[in-house]
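> Only the shape, not the letters, is given here:
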């Protein structure tokens, strides 16, 4: 590139910034032995090629730094998942030891202590690495800012064509930096509650917390997660409900994640009593504003159980059919979901011939206030969830892989077929819901608590470099 620029430099060095007389004419005749001479004027302001060479070298160095940082961000993502699993396993192990301390030798206890110290050291090392990476990104941004100042000055003072190739390299660097910063912020600074994005870009690997609170893999039907609109003081609350069949009767709540994992300090609500039967069916229930939303058993309808007042009520969903369930489980006819924009329910009707229908629920009136018709056949779908007013549907790819294959935007009434694969813990699962308070997907998979981090395509175009060609 330098050779090309030098050639162009010599060809263009006779072009001044202001009009000048480049040639001095001499009138006269030339004899047989004389030479024809002329005088050429070269501008005194020449292009500073040294600065351009220095910029190229700096750009190459920054590009190498960014490649290293991008690799680090991917590594941080993997380590976070691994460390969370280690902490969860150690937590369970310590609880078991506390319940029966006499069954463990001093040597075994020392071994567990060493494991705890190792995890602690790993976490401290990761924290230091994250801070170092963040500092490097700030330094790189300052270097690129300095580069654009120099490039702008060269463009203003000299012919822009000489700087064009280098500016293209700068644009690539800036885009690479912004991608690295975006990935860094996705992991460590998620923009909770914001819908300023272009939809889901990918999911993390599955985070397997542990077997359910009943310690029974036979409890294959159910769900777990957090309140999507928690009451003040209940922001850390988790809930769990499961059974050996699709009947919904018990719901347990825990003060925080530690209590859930340690199976302690729970409060259990029973939807059945001799004088009333509020039980439901399916695996599509959620908790929002300390209220359980679920599919009522009889009559077939949507129901809500207020855990504060411990009262229930139900509403029949117009035209909803109980003949169309999801692919993985029966009785999943009414599927509740909550996102940044409110409360939703998906179902199918005879009129839609089994195709998914999406309804927005007026929470105060507990009634549908708007309905959207989709073109996707519900029995072919693994599950659905809502994010920022967009419906996402999944299906199986193979025994290890699930795929988000369909999305419907309620704002534009447009649907799209996409492919966002993600890893499954086990082949079949019965529960999948998004929670806007932490931007995670919660899955109940063959009796295990499983979750995923959700990452989004970014829409923000502020301060984006403008392509020149």
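Nice, thanks for sending it over. Here the structure is a predicted model, which is why all the values come from computation and not from measurement.
> Residue 435 is in contact with residue 224, isn't it?
No - counting by CB atoms under 8 Å, residue 435 sits too far from residue 224 to count as a contact (10.7 Å). Bear in mind the C-beta positions are built from the backbone N, C-alpha and C, glycine included.
> what residues are shared contacts of those two?
Common contact partners of residue 435 and residue 224 (CB atoms under 8 Å, 6 or more residues apart in numbering): residue 442.
> Residue ranges in the stretch 1-150 of the chain under the pLDDT threshold?
In the predicted model, the stretch 1-150 of the chain carries pLDDT under 70 at residues 1-49, 52, 74, 77-78.
> now do 80
Scanning the stretch 1-150 of the chain for pLDDT under 80 picks out the ranges 1-93, 95-97, 99-109, 111-112, 115, 118-119, 121-137, 139-150.
> show me where it has strands.
Using DSSP state E, counting those that start in this stretch, the strands of the stretch 1-150 of the chain run over 23-24, 39-40.
> next one: the stretch 201-350 of the chain
Going by DSSP E, counting those that start in this stretch, the stretch 201-350 of the chain shows strands at 207-211, 221-226, 238-243, 247-248, 250-254, 267-270, 272-273, 276-277, 280-288, 291-296, 301-306, 311-315, 335-339, 342-348.
> For whichever helix or strand comes after the last one, enumerate the helices and strands it packs against.
Sequence order places strand 355-362 as the next helix or strand after strand 342-348, per DSSP states H and E. For strand 355-362, the contact count by 3 or more CB pairs under 8 Å, 6 or more residues apart in numbering; DSSP states H and E identifies strand 342-348, strand 367-377, strand 390-398 as packing neighbours.
> hmm, 7 Å instead?
Packed against strand 355-362 by the contact rule (3 or more CB pairs under 7 Å, 6 or more residues apart in numbering; DSSP states H and E) you find strand 342-348, strand 367-377.
> Give me the sheet partners of the longest one and which way each runs.
Same thing as strand 367-377. strand 355-362 (antiparallel) (DSSP bridges).
> From the chain's centroid, how far away is the partner strand?
24 Å (CA atoms, centre = their mean, to the nearest Å).
> now that strand against strand 280-288, angle please.
Orientation note: strand 355-362 sits at an angle of 50 degrees relative to strand 280-288 (axes from the mean of the first three to the mean of the last three CA atoms, to 10 degrees).
> Pull out the buried positions in strand 355-362.
355-361 (16 or more other CB atoms under 10 Å).
> avg pLDDT for that strand?
Confidence for strand 355-362, expressed as mean pLDDT, is 97.
> residues making contact with that strand?
If you take CB atoms under 7 Å, 6 or more residues apart in numbering as the criterion, strand 355-362 is touched by 342-349, 368-378, 381, 391, 408, 410.
> Can you add distance to residue 440 and give the strands of the stretch 201-350 of the chain back as TSV?
As requested, the strands of the stretch 201-350 of the chain are exported to TSV (distance: least, CB to CB, whole Å):
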stretch	distance to residue 440
strand 207-211	9
strand 221-226	8
strand 238-243	12
strand 247-248	22
strand 250-254	16
strand 267-270	23
strand 272-273	31
strand 276-277	33
strand 280-288	13
strand 291-296	19
strand 301-306	23
strand 311-315	28
strand 335-339	12
strand 342-348	17
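> So which of these is nearest residue 81?
Across those, residue 81 has its closest neighbour in strand 207-211 (5.9 Å, CB to CB).
> partners of that closest one, with directions?
Assessed with DSSP bridges, strand 207-211 is paired to strand 448-458 (antiparallel).
> Please list the residues outside the partner strand that contact it.
With contacts defined as CB under 7 Å, 6+ apart, strand 448-458 is touched by 182, 186, 197-204, 206-212, 224, 422, 425, 434, 439-443.
> now do stretch 394-402
Against stretch 394-402 from outside (CB under 7 Å, 6+ apart): 380-383, 403-405, 421-424, 427, 432.
> which of those residues lies closest to residue 114?
residue 423 (30.9 Å).
> I'd say the closest one and residue 208 touch.
No - if you go by CB atoms under 7 Å, residue 423 and residue 208 don't touch, sitting 10.8 Å apart.
> who has more neighbours, those two?
For residue 423 versus residue 208, neighbours defined as other CB atoms under 10 Å are more numerous around residue 208 (19 against 12).
> if we look at the sheet, which residues does that one bridge to?
residue 450.
> now it: how far from residue 84?
As judged by CB to CB, to the nearest Å, residue 208 and residue 84 stand 10 Å apart.
> that older thread, select only the buried ones of the contacts of strand 355-362 in ChimeraX?
Restricted to buried positions by 16+ other CB under 10 Å, the ChimeraX selection for those reads:
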select :342,343,344,345,346,347,348,349,368,372,374,376,378,381,391,408,410
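> Narrow the contacts of strand 448-458 to those that are buried.
182, 186, 197, 199-200, 203-204, 206-210, 212, 224, 422, 425, 434, 439-443.
> picking that back up, nearest to residue 336, of the helices and strands packed on strand 355-362?
Closest among these, once you apply CB to CB, is strand 342-348, at 5.4 Å.
> which residues sit against the closest one?
288, 293, 302, 317, 320-321, 324, 333-337, 354-361, 363, 378, 384, 386.
> can you rerun that using 6 Å?
302, 320-321, 324, 334-337, 354, 356-361, 363, 378, 384, 386 (CB atoms under 6 Å, 6 or more residues apart in numbering).
> measure residue 329 to residue 347 for me?
Distance of residue 329 to residue 347, computed by CB to CB: 15 Å.
> cool, residue 98 as well?
In this view, residue 98 and residue 347 are 46 Å apart by CB to CB.
> One more: residue 60?
With distances taken as CB to CB, residue 60 is found 58 Å from residue 347.
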